[in-house]
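**Q** Here's my sequence, what's the structure:
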Amino acid sequence: MKEYIVIYEKGDTNWGAIVPDLPGCVSIGDTFEEVQENIKEAIEFYLEILTERGEKIPDAKTKIGTVQIAA
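**A** Sure thing, here's the model as predicted:
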């Protein structure tokens, strides 16, 4: 079982998602729920392609956190 950080971003008309540890693995959706489903499928497909090519499945290296500042 692998676990990857997904970054979600709200656009003007839809949602986007990227997976920093899987370069080029991105997705969009009309709603947050849709993009969550789409990016899960994109990750599965990405890893499937790597496996078919005999390439190593990368370990997750990205960490997330927050920073509070006076604004």
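**Q** going forward, measure contacts and count neighbours with C-alpha atoms only.
**A** Fine.
**Q** Which parts of the protein are helices?
**A** Ranges of helices within the chain are 32-52, based on DSSP state H.
**Q** which residues of this protein score low on pLDDT?
**A** Scanning the chain for pLDDT under 70 picks out nothing.
**Q** Just give me the residue right at the centre of it.
**A** Nearest to the mean C-alpha position of the chain, by Cα atoms, centre = their mean, lies Val19 at 2.9 Å.
**Q** what's the spacing between that residue and Pro58?
**A** Distance of Val19 to Pro58, given as Cα to Cα, to the nearest Å: 12 Å.
**Q** now Met1
**A** For Met1, the distance to Pro58 equals 12 Å [Cα to Cα].
**Q** Between the two, tell me which one has more neighbours.
**A** Neighbour count, other Cα atoms under 10 Å: between Met1 and Pro58, Pro58 has more, with 12 against 2.
**Q** quick one, phi psi at the more buried one?
**A** phi -70, psi 150 (degrees, to the nearest 10).
**Q** which ones are touching it?
**A** Counting by Cα atoms under 8 Å, 6 or more residues apart in numbering, Pro58 touches 21-22.
**Q** let's go with 10 Å and repeat that
**A** By Cα atoms under 10 Å, 6 or more residues apart in numbering, the contact set of Pro58 is 2, 4, 21-22, 47, 50.
**Q** Need the max-distance pair from those.
**A** Tyr4 and Leu50 (15.5 Å; Cα to Cα).
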